[in-house]
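Just the structure for this:
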Amino acid sequence: MMMRAACDVLLTNAHVLTMDGEFTVHASGSVAVAGGAILAVGNLATDFDAAETVDCRGRVVMPGLVNAHTHASMTLLRGLADDLRLDVWLMGYMMPVERAFVRPDFVALGTTLACAEMIRSGTTCFADMYYFEEAAAEAAAAAGLRALCAQTVLKFPAPDAASFEDSLARARDFISRWKAHPLVVPAIAPHAPYTCTEEILRECAELAHEFDVPLHTHLAETALEVEQCRRDHGMPVVPWVKKQRLFDARVVAAHCVHIDEGEMRTLRDVGAGVAHNPTSNLKLGSGIAPVAKMLEVGVAVGIGTDGPASNNDLDMFEEMRLAALLAKGVGGDPTALPARDALAMATRIGARAIHLGDITGSIEPGKRADLIVVDLDQAHNMPRFTRDGGAVYSQLVYAAKSTDVVDVMCDGKWLMRDRRLLTIDETEVQTAAREVARRIDAFLIDREQSVLQKLIAIGGAAEEESFEIQAKARVGSAEAVRRALASDGITVIRTTHYHQYDTYFFFDDPGQGRLRYREDEFLDEQGEVVGARARLTLTGPSREAAFGSVLLFRSRFFAPANHSPRFYREYFKPAREREVEKDRHRWLVAFRGVQFYVHVDHMMNPHAGAYFLEVKSRTWSRRDAQDKAAIIAELLELLGARPGEAIEEGYVEL
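This next block holds a predicted model:
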């Protein structure tokens, strides 16, 4: 009589989908698990002595799903700001809230909440990218899930680092200490080409190569990103990051929505994996990735949910179904991306895409025991046909739901049995999450009441703790002013010529002030553009009365304008707006011992063809303002404008 081998767990009477390279199926099979690994699969019921035997009662046993791209701890930002463009959503809401709230405890709690959701929906492995990634790694390990945890690096300050050098140092420390962990694979994540410099991309790739760990990034997510890359670098995103030697590392490239066939072949040839995020890409209006073509070319394409703030869930069953349907719809071909292939993307191919294909993604001897049990005996799965052996794939992708997952095992350890979580206290986690939501709500409610606070939130605004006195008047031409500036008593210190485009945003509450988006094109003596700049100015209400025709101007706040007028329009939601275009000559002059700026504006829109003269100077007190107001009136007269012709600063509204 032959000795039977020992194992820890034996799953019997199961419909086993191995998801191996041959798509082997055991319609009534068993899986033996020992030491956290798959020992054997097939007809094994009499071959093993098991410490635990589980009768699966004909249910499907398959590999746990692999979420190839997410930001797990953003569960705590789920539903925070929906139905916005990607740039407004990211720069206007996500990043400001992250700067205010993201700390290690936030990441730990959010990741734990995400792990509960992922376990319940059959995910046993996920590729994460966020801040304080060690806290995410600790939470994933405590929950018992397998994770690729990548520390984010950006070119600007982040919640966990004042500079990219600090982020790199944090990533190096994290990777060196977690390199040998049984569940967590540490990695580095240069966020995206447009949020990183060439130096950051190269140094991140070097670090990943040094430690032989993956590199997780976003590539070609939006058409705007690709357009900007072509404009700035003369080439699309994939060849540009290749030029920066990014692919010296084992890359996981999230999205790749806007890439061509040549770029696909590059990704294939360098061994990069792609994470397709159908729900997030649709919700943010980013487009639909050419997944069928990528698979045809030979790229390893997995499926991800992206973060729960942009999805808004972590349900891989939904993602599989949507991935398959989108490929058919966008290509007009119902045979594109069949269900079996979609399931492979969510398991074996997905594991390969995140460079963990040697340890998970299929039920094969030697791989880790990451598997789930799915109950298809539910009304929405009825009836079931057996004529076609591949029908089970269609059932899982097109009909099954994540709630059909009844048991989950990762690394040979049960994480859920009969829909009951074994490693996470859901009640405790949900209570803590509600408290975080309450605090974020209070933060945003306070911020949304003030245009200034919203301006500060998206990039910092510096107040000029001074006032200006100024006067404006119509003049006949710039030449008359230029001749007057050559007269005795006026010293020209420097002069500038530029074309100015202003968009003014006005709000129902005058107390909010007025926001101006300005783009300046600096011109040389021949009128050619030699430079450009953009900035925001928030002008507060007047704090003093006028001195005759000379206004004591308001305090002002300045901020860099890193986005388009469209971004600011959607972010600030002004009640109305006005555009102004003008050709401006600007002189800094000294008159009567005081420095003044003299502007002559040739108006293009509105008041086309009109010329306006503006004279202004900073002031520090009411007495100083009174003295300078008298000098301005005298200077106006010397420049050919009579004080009685001065008009209010708000002439753009006329």
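
burial count for Lys413?
17 (other C-beta atoms under 10 Å). (Each C-beta comes from the backbone N, C-alpha and C, glycine too.)

and the spatially closest residue to Arg57 that is not a sequence neighbour, what element?
For Arg57, ignoring the flanking residues on the chain, the nearest one in space by C-beta to C-beta, 6 or more residues apart in numbering is Asn13 at 6.1 Å. Secondary structure from DSSP states H and E places Asn13 in strand 5-17.

Please name every helix or strand in contact with that strand.
strand 25-34, strand 37-42, strand 48-55, strand 60-63, strand 371-374, helix 391-394 (3 or more C-beta pairs under 8 Å, 6 or more residues apart in numbering; DSSP states H and E).

angle of the first one against strand 37-42?
Spelled out, that is strand 25-34. Taking axes from the mean of the first three to the mean of the last three C-alpha atoms, to 10 degrees, one finds strand 25-34 and strand 37-42 inclined to each other by 150 degrees.

Tell me the strands beside strand 25-34, with direction?
Note on strand 25-34: by DSSP bridges, its sheet partners are strand 5-17 (antiparallel), strand 37-42 (antiparallel).

what's the answer for the fifth one, then?
Each strand pairing with strand 371-374, determined using DSSP bridges, is listed with its direction: strand 60-63 (antiparallel), strand 405-410 (antiparallel).

Export those strands as TSV, with columns for mean pLDDT.
Formatted as TSV, those follow (pLDDT from 0 to 100):
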stretch	mean pLDDT
strand 60-63	98
strand 405-410	98
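
circling back: tell me how far the strand holding Asn13 lies from the chain's centre.
Here the centre of strand 5-17 is set off from its chain's centre by 42 Å, with C-alpha atoms, centre = their mean, to the nearest Å.

how about the helices and strands packed on strand 5-17 in TSV, adding mean neighbour count?
TSV is the format used below for those (neighbours: other C-beta atoms under 10 Å):
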stretch	mean neighbour count
strand 25-34	21
strand 37-42	20
strand 48-55	16
strand 60-63	26
strand 371-374	26
helix 391-394	19
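
In a markdown table: these, plus distance to Ala353.
Converted to a markdown table, these look like this (distance: least, C-beta to C-beta, whole Å):
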| stretch | distance to Ala353 |
| --- | --- |
| strand 25-34 | 23 |
| strand 37-42 | 21 |
| strand 48-55 | 30 |
| strand 60-63 | 14 |
| strand 371-374 | 19 |
| helix 391-394 | 19 |
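
Among the ones you listed, which comes closest to Gly273?
Judged by C-beta to C-beta, the one of those that comes nearest to Gly273 is strand 60-63, at 16.7 Å.

give the contact list for the residue most central in space within the chain.
Residue closest to the mean C-alpha point of the chain, counted by C-alpha atoms, centre = their mean, is Leu90 at 5.3 Å. If you count contacts by C-beta atoms under 8 Å, 6 or more residues apart in numbering, Leu90 has none.

would you say it is within a strand?
No - Leu90: not assigned to a strand; according to DSSP: H, G, I helix; E, B strand; the rest coil it is helix.

about what we covered before: number of nearby residues for the residue nearest to Arg57?
Neighbour tally, Asn13, other C-beta under 10 Å: 16.

now swap in the one 3 residues further on and tell me
Counted with other C-beta under 10 Å, residues neighbouring Val16 total 23.
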